[in-house]
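> everything below, folded, please.
(one chain, ligands or ions: 2)
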Amino acid sequence: MHNFFIITFLILFFFYSKPSAALGEGTLAGGWKPIPNVTDATVVDIGQFAVDEHNKEEHVSLKFVKVVKGESQVVAGMNYNLTVTAADGGVESSYVAFVWDKPWQKFRQLVSFKGPV
Ligand SMILES: *[C@@H]1O[C@H](CO)[C@@H](O)[C@H](O)[C@H]1NC(C)=O
Ligand SMILES: *[C@@H]1O[C@H](CO)[C@@H](O)[C@H](O)[C@H]1NC(C)=O
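Ligands and ions are numbered 1, 2, ... in the order given. Modelled structure (predicted):
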């Protein structure tokens, strides 16, 4: 009888401590860590993706210039919060893009794109 409670407790503990796959901007996720190298290929790729997706969704034609800074968070995959520079008809501005990436499923989603900021 005792063991039953211990096992139930362990199972509940296991589920509550796992990050939920349904959370884009997860509350149960790890902390945000600054991205040390904004010219890293994956980070640049995410920045480019964010601008491309935003263009598709909003029927605009921003041109990705660079990632200025960013932070990432381990969730079910990785959340990226990037400040990117993009050019709108020659005028460069900063935008803040939030991207959810699950590389092993080839899943990448633009959660939000704000700016110019
Ligand atoms: C940042 O990433 C780029 C591309 O991978 C690399 O060429 C460069 O050496 C890296 N810089 C640092 C400081 O790690
Ligand atoms: C993303 O980064 C921007 C700029 O640094 C910041 O203002 C914003 O609060 C961040 N968003 C999240 C969800 O951390």
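> the most centrally placed residue in the chain and N37: what is the separation?
Nearest to the geometric centre of the chain sits N79, at 2.5 Å (CA atoms, centre = their mean). Relative to N37, N79 is positioned 18 Å away (criterion: CB to CB, to the nearest Å). C-betas here are computed from N, CA, C, even on glycine.
> and this protein, which of its residues are near ligand 2?
By the rule CB under 6 Å from any ligand atom, the part of the chain lying against ligand 2 is W32, N81, T83, V96.
> among those, name the buried ones.
Burial of the residues of the chain next to ligand 2 was assessed by neighbour count (16 or more other CB atoms under 10 Å); the buried members are N81, T83, V96.
> show me which of the residues of the chain next to ligand 2 is closest to I46.
Among those, N81 lies closest to I46 (CB to CB), at 10.2 Å.
> so what's the closest one bridging to?
E71, F98 (DSSP bridges).
> contact partners for it?
Contact analysis of N81 by CB atoms under 8 Å, 6 or more residues apart in numbering lists W32, G70, E71, S72, Q73, V96, A97, F98.
> what is the burial count for the second one?
Going back to what we said before, that points to G70. Using other CB atoms under 10 Å, G70 is surrounded by 23 other residues.
> could you dump the contacts of N81 to TSV with pLDDT and distance to ligand 1?
Compiled in TSV, the contacts of N81 are given as follows (pLDDT from 0 to 100; distance: CB to the nearest ligand atom, whole Å):
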residue	pLDDT	distance to ligand 1
W32	96	20
G70	98	13
E71	98	16
S72	97	15
Q73	96	20
V96	98	21
A97	98	19
F98	98	22
